[in-house]
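Trainee: no sequence on hand, only this structure:
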């Protein structure tokens, strides 16, 4: 079984400041990792994904994340946030085992960007 | 390209009534997922299908919930009878393999917000 822990339920930050949203996972097999963003009254949309290769992955809207296998982490970062980045962010993991394709989601982190 | 299409976007009903939520996945996607989102429980996987066949329904709360996928372009989630605790946003998502690799990357619909009075 796999699980995802998002370490911060709420992250307030000022506009143009850097931000890091933390995600740790556990799995007995190799995994694929994802970050999704959900704006109010909308569905989730993919920000970025780690499948293989370089551990630093870049996504849309200036976000990036780093896969750290030894620490089983996949933290999301942005060097300078905008008001429009205010949303809920979900980390998800999908394993390569018998449940391939079935993603487990964290509880979400609400990012609030203040002017 | 059209994304995942869900209907209705909003549904308000009274306890005991039957509710049917509908989903049209992205053309060419062979996996379909139903999720429920609430403040208390977050995002929960209810059931998923591969090639129209239910693979895992362990997340379906109880017998009042049922889901079908009669063909590759349509799925329904039915609640009968509905109860106030079923109030939530229900999301449908679809996915397809990346080449021969099943990655689990999901494409979500806008959701159906259900309120049971």
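Mentor: That came through fine. Note that the structure is a prediction, hence the values are computed from the model and not measured.

Trainee: quick check, the residue in chain A closest to chain B?
Mentor: residue A:94 (2.7 Å; C-beta to the nearest C-beta). C-beta coordinates here come from the backbone N, C-alpha and C atoms, glycine included.

Trainee: specify the beta-bridge partners of the spatially closest residue to residue A:56 that is not a sequence neighbour.
Mentor: With sequence-adjacent residues excluded and distances taken as C-beta to C-beta, 6 or more residues apart in numbering or on different chains, residue A:56 is closest to residue A:66, at 5.1 Å. As for beta bridges, residue A:66 partners with residue A:56, residue A:75 under DSSP bridges.

Trainee: go ahead and confirm residue A:66 touches residue A:74.
Mentor: Yes. Here residue A:66 reaches residue A:74: they are 7.3 Å apart, a contact under C-beta atoms under 8 Å.

Trainee: more crowded one of the two?
Mentor: residue A:74 (28 against 16; other C-beta atoms under 10 Å in any protein chain shown).

Trainee: need phi/psi at the spatially closest residue to the more buried one that is not a sequence neighbour.
Mentor: Sequence neighbours aside, residue A:33 is the residue nearest to residue A:74 in space, at 4.4 Å (criterion: C-beta to C-beta, 6+ apart). Dihedral pair for residue A:33: phi -130, psi 150, per degrees, to the nearest 10.

Trainee: isn't residue A:33 up against residue A:93?
Mentor: Yes. The pair residue A:33 / residue A:93 is scored as a contact, 5.6 Å apart, by C-beta under 8 Å.

Trainee: any common contacting residues for these two?
Mentor: residue A:25 (C-beta atoms under 8 Å, 6 or more residues apart in numbering or on different chains).

Trainee: just give me the neighbour total for the residue nearest to residue A:74.
Mentor: When neighbours are counted by other C-beta under 10 Å, residue A:33 comes out with 24.

Trainee: partner residues bridging it?
Mentor: Under the criterion used (DSSP bridges), residue A:33 bridges to residue A:50, residue A:93.

Trainee: what residues are up against it?
Mentor: A:23, A:25, A:49-50, A:65, A:67, A:74, A:91-94.

Trainee: cutoff 6 Å now
Mentor: A:50, A:74, A:93 (C-beta atoms under 6 Å, 6 or more residues apart in numbering or on different chains).

Trainee: residue A:63 too?
Mentor: A:47, A:78.

Trainee: surely residue B:24 meets residue B:7?
Mentor: No. Between residue B:24 and residue B:7 there is no contact under C-beta atoms under 6 Å: 8.4 Å.

Trainee: which one of the two has more residues nearby?
Mentor: residue B:24 (18 against 15).

Trainee: list the residues that contact residue A:32.
Mentor: A:51, A:94, B:103-104 are the contacts of residue A:32 under C-beta under 6 Å, 6+ apart.

Trainee: of these, the lowest pLDDT goes to which?
Mentor: When those are compared by pLDDT, residue B:103 scores lowest at 79.

Trainee: what's the spacing between that residue and residue A:114?
Mentor: 35 Å (C-beta to C-beta, to the nearest Å).

Trainee: residue A:52 now?
Mentor: 37 Å.

Trainee: what parts of chain A come near chain B?
Mentor: With C-beta under 6 Å from any C-beta of the partner chain as the criterion, chain A meets chain B at residues A:32, A:43-44, A:49, A:51, A:94, A:100-101, A:103, A:105, A:107.
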